[in-house]
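J.: No letters, just coordinates:
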Ligand code: FPP
């Protein structure tokens, strides 16, 4: 029996976010350059998108490149950027057929004009789709996002568009770059590392975490379904007692 058959289709998380980790180690285990791992990682990206779309996940966010990743060797950064734009462009038709919409979150001003243009092309092409929204976090970090949000709110206060008293959790959530999506119910990180690495810090307040051993290039649909199965067996209490949660059902 596949892990997919065991899923409770009534309780599929609306939003899953993934920290794709372990490409470098996967390549090193095979005596290859790190970029070899990233190339295989693109296959896993396809698996994750198809798997999520198959079971009706509404938002899938992939942490593809963090602001800290700009500190990697120049040729690795260039190789990764090429891979990403190739993957996004080569897959655009397929994504379109599957009704997938694409959004990018991150400090895209740091990307080259060429990368920015290619990405814009793909985002525009997929803009009218209404199925899964694929969110690629590119040149993203949560502290960057929160800092930008604080600046934008401060400007509104300065211009007397809002008062200090109007600043609450909702206003902050609505002012973040991620305001178009619900908070992720489930955040998966591959390769057995147990960190958030500056990813969706605000949005992860009530997320469940799955730190799995699989290295990203080995991640398949089956891995996704197994991880969701494990998530579905957890009790999410949101600060309440277990008894209250049972009584609310
Ligand atoms: C982490 O592995 C992986 C990355 C920094 C890049 C992931 C990007 C892709 C797989 C391409 C994504 C493409 C699209 C279209 C979204 P690592 O290099 O940190 O591995 P290590 O921890 O083993 O060194």
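T.: Received the coordinates, thanks. Keep in mind that what you see is a predicted model, and the values were worked out from it rather than measured.

J.: what's the longest helix in the protein?
T.: Secondary structure of the chain per DSSP state H: the longest helix is helix 74-97.

J.: Does that one reach the ligand?
T.: Yes: judged by C-beta under 6 Å from any ligand atom, helix 74-97 comes into contact with the ligand at 80, 83-84, 87-88. The C-beta positions use only the backbone N, C-alpha and C, and glycine is treated the same way.

J.: Who wins on neighbours among these?
T.: Neighbour counts for those, by other C-beta atoms under 10 Å, peak at residue 88, which reaches 26 neighbours.

J.: Identify the residues contacting that residue.
T.: Residues near residue 88 by C-beta atoms under 8 Å, 6 or more residues apart in numbering: 102, 118-119, 122, 136.

J.: if you set the cut-off to 6 Å instead, what comes out?
T.: The neighbours of residue 88, taking C-beta atoms under 6 Å, 6 or more residues apart in numbering as the test, are residue 122.

J.: now residue 163
T.: Listed by C-beta under 6 Å, 6+ apart, residue 163 has no contact partners.

J.: Number the chain from 8, please
T.: Taking 8 as the first residue, the last one we looked at is residue 170.

J.: Show me what the residue nearest the centre of the chain bridges to in the sheet.
T.: For the chain, residue 68 is the residue whose C-alpha lies nearest the centre (C-alpha atoms, centre = their mean; 2.1 Å). Here residue 68 sits in beta bridges with residue 24, residue 142, going by DSSP bridges.

J.: Give the other helices and strands that the helix or strand immediately after the longest helix of the chain in the chain contacts.
T.: Counting by DSSP states H and E, the next helix or strand C-terminal to helix 81-104 is strand 108-112. Where contact means 3 or more C-beta pairs under 6 Å, 6 or more residues apart in numbering; DSSP states H and E, strand 108-112 is packed against helix 120-132, strand 140-147.

J.: What is the distance between the shortest one and the centre of its chain?
T.: So that's strand 140-147. Taking the mean of its C-alpha atoms, strand 140-147 sits 6 Å from the chain's own mean (C-alpha atoms, centre = their mean, to the nearest Å).
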